[in-house]
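A.B. asks: Show me how the following folds:
(one chain, ligands or ions: 1)
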Amino acid sequence: MNHQELAERLFPNIKTVPEDMEKRYPERDLPEGAAVTRIAPSPTGFMHLGNLYGAVVDERLAHQSGGIFYLRIEDTDRKRLVENGVETIIKVFSRFGLNFDEGATLEGDNGIYGPYTQSERGPIYQTYVKDLVRKGMAYPCFATEEELAEAHRVQEANKENFGYYGKYAVWRDRPMEEVEAALDEGRPYVIRFRSEGSIEHKIKFTDLVKGQMEITENDQDVVILKSDGLPTYHFAHVIDDHLMHTTHVVRGEEWLGTLPIHIQLFDALGFKRPKYLHTAQLMKLDGVSKRKLSKRKDPEFALDYYFETGIPIPAAIEYVMTLLNSNFEEWRRANQSAPLDDFKFTAKKMSSSGALFDLDKLSDVCKNVVARMSADEVYAYTSAWAKEYDPEFYELLTRDEAYSKAILSIGRGGKKPRKDFGRWNEVKQYLSFFFDELFEPNYSEMPALDHDLIVKIAHDYAAVCEKSEAQDANAWFEEIKSLCPAYGLASDMKAYKQDPDAYKGNVGDFSMVLRVAVCGRSQAPDLFQVMQLLGKERVIERLGQVK
Ligand code: GLU
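C.D. replies: Numbers count the residues shown, from 1 in each chain. As a prediction, this is how the structure comes out:
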């Protein structure tokens, strides 16, 4: 049996040859310099910040250059699959507003470079593997788990490199009769790529994030096709990114270790190598030391956390951008209201050593982003969040849309918008006092005045309020000031500061009594506007409740 016959015996059903595939997946018709990127997650059910981080890079590279951003599902590791894993991936990315031009969708494939799910591409990979076998560049390996484990033990004892290479590559140069006999016996096998590399050789390589590096050639005969007929990651990556014409591969730095295999395969197959961006791990400060963000220890690593706690999607993306590009924050300060897409993202500014994730910083970004939103946007986002995560609040918030929007308008717009909340799960607490159902006054926040005086101010003001004709905040404040002397309070702060002992307090204390009485707390937006929205009746009732 020669190589040609072996190839036929291994793949009797594969009638296609690589040239057929090359024709089926022609060059893309794109302008010069357009990047083709993909994200290629495995449907394990768990989506994390690293997925989003990489996806934003892919999306920006493609869309900034007039290229294509597509989704490929890498499901060849059948043991790791979970039910609805693919659905989760698609839904999560769509919630983050990452729009794919092409790839797997809930309704099936979109695009002519599919199938976009690796488990559906078996014959494509097999076409190439068959060709490699035909050329003597790949071979079946019948080594059992036990035999491989035994080789590992020997290597360990001899302090040698682990793996399938040199004398440990026991099926590499087996006489054809033995191969044939093993096939006759029906023994299970994998297909390995016949490496011509040597660890004595170094290759120069430039990664767009990590910069220039020297990597050692691969000398292992790696598995390219598993016994189930599906490829390993290494082979699928090379075939798919070649056929789908990916120009930039963005992936985690954990793949750097196996990069020599990928380079070797691209070269041996005669494919043009894509550019690589190996992104650094996301780190976090733990006490004084840095560590990787972890699924087990850090809830914020999971993307579900962003939905559940109501982190505004634009803020999450904006925060990822601050992690990705060191010059982003400066740009944002200078372009406060510009759309994010106006920022020129560049791989050159990416940290090669590990971006530091900081929850406080994320909270600040959330507050800034929300402060720039209109009341309508805040209402839309909050009600969408509440509908899913706090239905009772959703009922209240949407009961009178105009009222809710008017509340959310307070302190919005202008040069210094209020920054009371940054997450949708903080809105309820912020505006709770606007709803009688949620109003729980905390009178301990009353100013340091005599208790009887506090009660008197509140009760007296209820009567004043009834008749008040103040049309704006200034007129209202003048009215408050005019009431102060009767209570022994200074209406003028300057006078008060000059001789505090001459007064029981000042106009600030007076208005604080009203604030705590009406809002139930000392921190609240502009009181005049609050009272306007609540209406006299409710204000009077709350003033009367003070005891
Ligand atoms: N399926 C791989 C993963 O989930 C993708 C790596 C790549 O982007 O090439 O890690």
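A.B. asks: How about the residues of this structure by the ligand?
C.D. replies: Within the chain, the positions lying close to the ligand (C-beta under 6 Å from any ligand atom) are 40-42, 74, 237, 249, 251. In this view, the C-beta of every residue, glycine as well, is placed from N, C-alpha and C.
A.B. asks: quick one: which of those residues sit in helices?
C.D. replies: Of the residues of the chain next to the ligand, the ones assigned to helices by DSSP state H are His237.
A.B. asks: Tell me the one among the residues of the chain next to the ligand nearest to Pro18.
C.D. replies: Minimum distance to Pro18 across those is 16.8 Å, recorded for His237 (C-beta to C-beta).
A.B. asks: mind listing which of the residues of the chain next to the ligand are in strands?
C.D. replies: Residues of those located in strands (DSSP state E): 249, 251.
A.B. asks: The residues of the chain next to the ligand into TSV, with extra columns for pLDDT?
C.D. replies: Listed next are those as TSV, based on pLDDT from 0 to 100:
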residue	pLDDT
Ala40	96
Pro41	94
Ser42	93
Glu74	96
His237	98
Val249	98
Arg251	96
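A.B. asks: Need the max-distance pair from the residues of the chain next to the ligand.
C.D. replies: The largest separation in those, counting by C-beta to C-beta, is between Ser42 and Val249 at 15.4 Å.
A.B. asks: hang on, the earlier thing: any chance of the residues of the chain next to the ligand in TSV, plus neighbour count and distance to Arg332?
C.D. replies: Listed next are the residues of the chain next to the ligand as TSV, based on neighbours: other C-beta atoms under 10 Å; distance: C-beta to C-beta, whole Å:
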residue	neighbour count	distance to Arg332
Ala40	24	30
Pro41	24	29
Ser42	19	34
Glu74	20	34
His237	25	35
Val249	21	29
Arg251	20	27
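A.B. asks: neighbours around the nearest residue to Phe11 once chain neighbours are set aside, how many?
C.D. replies: The shortest distance from Phe11 to any residue other than its chain neighbours is 4.2 Å, reached at Lys130 (C-beta to C-beta, 6 or more residues apart in numbering). Residues near Lys130, counting by other C-beta atoms under 10 Å, number 26.
A.B. asks: Give me the secondary structure label for Lys130.
C.D. replies: Under the three-state scheme (DSSP: H, G, I helix; E, B strand; the rest coil), Lys130 adopts helix.
A.B. asks: Which strand residues bridge whichever residue of the stretch 151-300 of the chain sits closest to the ligand?
C.D. replies: The ligand sits closest to Arg251 of the stretch 151-300 of the chain, with a gap of 3.7 Å, by C-beta to the nearest ligand atom. Here Arg251 sits in beta bridges with His278, going by DSSP bridges.
A.B. asks: shouldn't it be in contact with Lys275?
C.D. replies: No - Arg251 is beyond contact range of Lys275, at 11.8 Å (criterion: C-beta atoms under 8 Å).
A.B. asks: Roughly how far does the residue of the stretch 301-450 of the chain found nearest the ligand sit from Arg72?
C.D. replies: The stretch 301-450 of the chain approaches the ligand most closely through Leu303 (14.0 Å), counting by C-beta to the nearest ligand atom. The spacing between Leu303 and Arg72, counted by C-beta to C-beta, to the nearest Å, is 19 Å.
A.B. asks: higher neighbour count, those two?
C.D. replies: Taking other C-beta under 10 Å, Leu303 and Arg72 do not tie; Arg72 has more neighbours (26 against 22).
A.B. asks: quick one, what contacts the more buried one?
C.D. replies: By C-beta atoms under 8 Å, 6 or more residues apart in numbering, the contact list for Arg72 reads 38-40, 103-104, 116-118, 240, 244.
A.B. asks: Show me where the stretch 401-547 of the chain has its helices.
C.D. replies: With DSSP state H, counting those that start in this stretch, the ranges of helices along the stretch 401-547 of the chain come out as 401-409, 427-431, 451-467, 473-483, 493-498, 507-519, 527-534, 536-545.
A.B. asks: what's the most buried one of the ones you listed?
C.D. replies: Highest mean neighbour count of the helices of the stretch 401-547 of the chain: helix 507-519, a mean of 22 (counted as mean count of other C-beta atoms under 10 Å).
A.B. asks: So what sits opposite the closest residue to Leu356 other than its chain neighbours in the bridge?
C.D. replies: In space, and not counting its chain neighbours, Leu356 is closest to Met283: 5.2 Å by C-beta to C-beta, 6+ apart. Note on Met283: beta-bridge partners by DSSP bridges are Lys292, Leu356.
A.B. asks: Quick check, Met283 in contact with Phe357.
C.D. replies: Yes - using C-beta under 8 Å, Met283 and Phe357 qualify as a contacting pair, with a distance of 6.7 Å.
A.B. asks: Please identify which of those two sits among more neighbours.
C.D. replies: Counted by other C-beta under 10 Å, Met283 and Phe357 do not tie: Phe357 has more neighbours, with 21 against 18.
A.B. asks: quick one: that one and Glu300 touch, right?
C.D. replies: Yes - using C-beta under 8 Å, Phe357 is in contact with Glu300, at 7.4 Å.
A.B. asks: Spell out which residues are contacts of both of those two.
C.D. replies: Jointly contacting Phe357 and Glu300 under the rule C-beta under 8 Å, 6+ apart are 49, 293.
A.B. asks: and the closest residue to Gly166 other than its chain neighbours, which of the three is it?
C.D. replies: Closest residue to Gly166 apart from its sequence neighbours, by C-beta to C-beta, 6+ apart: Asp219 at 7.4 Å. Per three-state DSSP, the secondary structure class of Asp219 is coil.
A.B. asks: Now do the contacts for Asp219.
C.D. replies: For Asp219, the contact set (C-beta under 8 Å, 6+ apart) comprises 165-166, 195, 197-199.
A.B. asks: Excluding covalently adjacent residues, which one is nearest to Cys141?
C.D. replies: Trp171 (4.1 Å).
A.B. asks: count of residues packed around the one you found?
C.D. replies: Residues lying near Trp171 (other C-beta under 10 Å) number 18.
A.B. asks: Count the neighbours of Val17 for me.
C.D. replies: Neighbours of Val17 (other C-beta under 10 Å): 13.
A.B. asks: That one is in contact with Arg134, isn't it?
C.D. replies: No - counting by C-beta under 8 Å, Val17 sits too far from Arg134 to count as a contact (9.0 Å).
A.B. asks: any idea how far the closest residue to the ligand within the stretch 1-150 of the chain lies from Val86?
C.D. replies: Ranked by C-beta to the nearest ligand atom, the top residue of the stretch 1-150 of the chain for proximity to the ligand is Glu74, at 3.6 Å. Here Glu74 is placed at a distance of 11 Å from Val86 (C-beta to C-beta).
A.B. asks: show me what contacts the residue of the stretch 1-150 of the chain closest to the ligand?
C.D. replies: So Glu74 contacts 40-42, 118, 233, 236 (C-beta under 8 Å, 6+ apart).
A.B. asks: CSV please, covering those residues and showing distance to Glu27.
C.D. replies: CSV is the format used below for the contacts of Glu74 (distance: C-beta to C-beta, whole Å):
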residue, distance to Glu27
Ala40, 21
Pro41, 26
Ser42, 28
Gln118, 22
Tyr233, 25
Ala236, 21
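A.B. asks: which of the residues you listed sit farthest apart?
C.D. replies: Greatest spacing in the contacts of Glu74, by C-beta to C-beta: Pro41 and Ala236 (13.2 Å).
A.B. asks: Tell me how many other residues surround Asp58.
C.D. replies: So Asp58, with other C-beta under 10 Å, has 27 neighbours.
A.B. asks: ok, and the closest non-adjacent residue to it?
C.D. replies: Thr37 (3.8 Å).
A.B. asks: swap in Glu478?
C.D. replies: Ala470 (7.7 Å).
A.B. asks: pretty sure that neighbour is touching Leu483, no?
C.D. replies: No - using C-beta under 8 Å, Ala470 is not in contact with Leu483; the gap is 11.9 Å.
A.B. asks: List the contacts of Arg192.
C.D. replies: Going by C-beta under 8 Å, 6+ apart, Arg192 touches 138-141, 164, 169, 171-172, 221-224.
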